[in-house]
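# model this:
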Amino acid sequence: MLRRKKTTNKKVRNAVSKVYKGIKFRSKLELFTYKKLEEAGIKSLYEERKFVLMEGFRFEQDSIEPSNKRATKGEYINNADKVRDITYTPDFVDPNGKWIIEVKGFANDVFPLKWKLFKNYLQKLGDPPVLYLPKNQKQVLETIELINQLGSK
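Residues are numbered from 1 along each chain as shown. Here you go, the predicted structure:
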């Protein structure tokens, strides 16, 4: 029997990417969320808003580290370079700024730290949006009910 290869997302554990209305979703749960928001008449932005949690900087001191570059992989180098921004792009954002949904079936190792940094970032802005972190379809449906109670259509 011939089996079709599933298109998997390397960054999200056990996730299967799906395309719907020309939008590539990273998981079936994200697509489910999008459709349910759409059915409820709730406007949202999908992965359109990027937050800079920490500005990048140039590290001026020596930093002796193994190289990640193919030609010198594993060799010690002086990595006194620019450190990139730490950014976070939530899955769904209310265009009016009242709520944010991060759909997370299985979290990777980095997510808990970025989520804490994101919450801290929003807290410092003042009047942060309501955050929702559904991990399954039932919680997505509950999230949509809660958003409807906010009156954010």
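# going forward, measure contacts between C-alpha atoms and count neighbours the same way
OK.
# Below-threshold pLDDT in this protein: ranges please.
The model of the chain has pLDDT under 70 over residues 1-14, 152-153.
# Spell out the residue ranges of the helices in it.
28-39, 111-125, 137-150 (DSSP state H).
# just how off-centre is the longest one within its chain?
In terms of Cα atoms, centre = their mean, to the nearest Å, the centre of helix 111-125 is set 12 Å apart from its chain centre.
# Pull out the buried residues from that helix.
117-118, 121-122 (16 or more other Cα atoms under 10 Å).
# The helices of the chain into CSV, with extra columns for distance to residue 62?
Converted to CSV, the helices of the chain look like this (distance: least, Cα to Cα, whole Å):
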stretch, distance to residue 62
helix 28-39, 42
helix 111-125, 26
helix 137-150, 47
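# what's the closest of those helices to residue 68?
Evaluated with Cα to Cα, the helices of the chain place helix 111-125 nearest to residue 68, the distance being 22.4 Å.
# Please put the alpha-carbon coordinates of that closest one into PDB.
In PDB, the C-alpha atoms belonging to helix 111-125 read as follows (Å, rounded to 0.1, in the frame of the first residue of the first chain):
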ATOM      1  CA  PHE A 111       8.300  28.300  24.900                       C
ATOM      2  CA  PRO A 112       7.900  28.500  28.800                       C
ATOM      3  CA  LEU A 113      10.700  31.100  28.900                       C
ATOM      4  CA  LYS A 114       9.400  33.100  26.000                       C
ATOM      5  CA  TRP A 115       5.900  33.100  27.400                       C
ATOM      6  CA  LYS A 116       7.200  34.500  30.700                       C
ATOM      7  CA  LEU A 117       9.200  37.200  28.900                       C
ATOM      8  CA  PHE A 118       6.100  38.000  26.800                       C
ATOM      9  CA  LYS A 119       3.900  38.400  29.800                       C
ATOM     10  CA  ASN A 120       6.500  40.600  31.500                       C
ATOM     11  CA  TYR A 121       6.700  42.700  28.300                       C
ATOM     12  CA  LEU A 122       3.000  43.200  28.200                       C
ATOM     13  CA  GLN A 123       2.700  43.900  31.900                       C
ATOM     14  CA  LYS A 124       5.300  46.700  31.500                       C
ATOM     15  CA  LEU A 125       3.300  48.300  28.700                       C
END
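# Right, I'll call it a day here.
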